[in-house]
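1. A structural model of the following input is requested.
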Amino acid sequence: MRFTCKAFDRAGRTVNEVVEAASRDEASEVLRRRGLFVSDVRESRAGSTAAVTKRGPLFGAGKRRKCLAHFARQMTVLVGTGTTIVEAIRSIEQQAEDAEWRKTLGAICKRVEEGEPLSVAMESHPEYFDSVSRSLVAAGESGGRLDAMLARLSALTRQEIKIRSQLSAAMIYPTLLSCMGVAVLGLMIGFVLPRFEGLFKTLDAPLPPTTRLLMDLSHLLASHWPLMAGGAAMMIVTGYVSVTSQAGRSMIDRLLVRLPQIGNVTRAFATARVIRVLGVLIEGKVPMLEALRLTKAAAGNALYAALLETSEDVVTRGEALSTAWGGSDLIRGGVVDALRSGERTGQVAPALLNMAEFLDEDNELMVKTLTGIIEPIILIAMGIGVGLIAVSMFLPLFDLTAMQSGGAP
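-> Below you'll find the predicted structure:
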């Protein structure tokens, strides 16, 4: 459950916090451990699935993720060698090249100098430090294993960056082929085909249906191109707004999961992300219910967030997590079997992390296979389109030649 808390720090300043806890007393205890004096605790009704699955802007997220990975990796080394947290953050701040990131580090360092824990200072910058990273740091601070938790956070973040890079790299070539195909077809219809129009008129012969269709399309582009360009721009803007909205992303998540082939890839990558985050949190001694809530917030897919919400209810009733996952088609049977085995032996975290590594290898091969299928399809479609236009342009000339040959004495 999520609670909105009002408290006061040692200086008498009002502090408003949102705390994930099982009860009001537990939420109050979390704040008291931070040195705050709690005055009011109320249950928040905003902690729905729609809220926790909200994602940030599309642009800049990758850069912020790299900043977090760099921060966690450097902090692991510095804190592990005995450097104080303030000195470590100052050192990273001095090396930071991005002005916004440097300003963020300075603000965090100032709050830590004032006596706040690092995890609390990170809460004021959720655009860089998500709930999972803050929870791992808080677990490290409470257990005296901050360097170990930072190492886990670094590994988790770098793996996510690697997967995103693999997906981006895999889509570059098909995207370039698609753009090139559209450009070539547009160039032939808009500029090459009109050059043949005068020649077709001198033939004074009926044109084949495909040639007439292409000529009409060429006339349409020539006379209404501003309107069509505006319509295309409007479609792009509308698509972007839809993608960045919560409802639009949820719809896309559901569509991608159900599509043939692409749905397999989507489910595989989403499953790997979920079990990796959950495994790292459990390995960091985060309670199961809190780990499920944090994983739900980081799921990145509405269907998986709903599954994790159902999982919370199942675990709250005292049942095994594998029970909730076993009845869903979103989670592979092998993952459920590994989880069930880990629950029997008390090794849930290692089981989940081992399956995440296995899925990463499997997913890499799956992406290569999928792109290997998409690329020939795009090339074939381009060839058919260009060939159809070329044949439509030269077919009247062939007919004229055949007529002249047939009418020759």
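2. CA only for contacts and neighbour counts going forward, please
-> Noted.
3. give me the contact list for stretch 148-159.
-> With contacts defined as Cα atoms under 8 Å, 6 or more residues apart in numbering, stretch 148-159 is touched by 65-66, 68-70, 72-73, 75-76, 133, 136-137, 139-140, 276-277, 280, 284.
4. run through who's touching stretch 354-364.
-> If you take Cα under 8 Å, 6+ apart as the criterion, stretch 354-364 is touched by 166, 265, 268, 269, 272, 273, 275, 276, 335, 338.
5. give the buried residues for it.
-> Using 16 or more other Cα atoms under 10 Å as the test for burial, stretch 354-364 gives 354, 355, 356, 359, 360, 363, 364.
6. can I get those in a markdown table including secondary structure?
-> Below are these laid out as a markdown table (DSSP: H, G, I helix; E, B strand; the rest coil):
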| residue | secondary structure |
| --- | --- |
| 354 | helix |
| 355 | helix |
| 356 | helix |
| 359 | helix |
| 360 | helix |
| 363 | helix |
| 364 | helix |
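7. ok, those residues vs residue 296, which is closest?
-> Distance to residue 296 across these (Cα to Cα) is lowest for residue 356, with 16.6 Å.
8. so which residues of the protein form strands?
-> 2-8, 14-20, 37-43 (DSSP state E).
9. of those, flag the one that's most buried.
-> Mean neighbour count (mean count of other Cα atoms under 10 Å) peaks for strand 2-8 among the strands of the chain, with a mean of 20.
10. output it as PDB, restricted to C-alpha atoms.
-> Provided in PDB are the C-alpha atoms of strand 2-8 (Å, rounded to 0.1, in the frame of the first residue of the first chain):
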ATOM      1  CA  ARG A   2       1.000   3.600  -0.600                       C
ATOM      2  CA  PHE A   3       0.700   6.200   2.200                       C
ATOM      3  CA  THR A   4       1.000  10.000   2.000                       C
ATOM      4  CA  CYS A   5       2.900  11.200   5.100                       C
ATOM      5  CA  LYS A   6       3.400  14.600   6.700                       C
ATOM      6  CA  ALA A   7       6.400  14.900   9.000                       C
ATOM      7  CA  PHE A   8       9.000  17.400  10.300                       C
END
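11. parallel or antiparallel, list what pairs with it.
-> strand 14-20 (antiparallel), strand 37-43 (antiparallel) (DSSP bridges).
12. which stretch in these has the least confidence?
-> Of all those, the minimum mean pLDDT falls on strand 14-20 (a mean of 69).
13. list the contacts for residue 93?
-> When contacts are counted by Cα under 8 Å, 6+ apart, residue 93 touches 102, 105, 106.
14. out of the strands paired with strand 2-8, the one nearest residue 127 is which?
-> With Cα to Cα, the closest approach to residue 127 among these belongs to strand 14-20: 16.2 Å.
15. possible to save the contacts of residue 93 as a markdown table with pLDDT?
-> Putting the contacts of residue 93 into a markdown table (pLDDT from 0 to 100) gives the following:
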| residue | pLDDT |
| --- | --- |
| 102 | 91 |
| 105 | 93 |
| 106 | 92 |
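16. separate out the buried members of the contacts of stretch 354-364.
-> For the contacts of stretch 354-364, buried by 16+ other Cα under 10 Å: 265, 268, 269, 272, 273, 275, 276, 335, 338.
17. what about residue 389, distance to residue 84?
-> In this view, residue 389 and residue 84 are 69 Å apart by Cα to Cα, to the nearest Å.
18. those two - which one has more neighbours?
-> Set residue 389 next to residue 84 and count neighbours by other Cα atoms under 10 Å: residue 389 wins out with 20 against 13.
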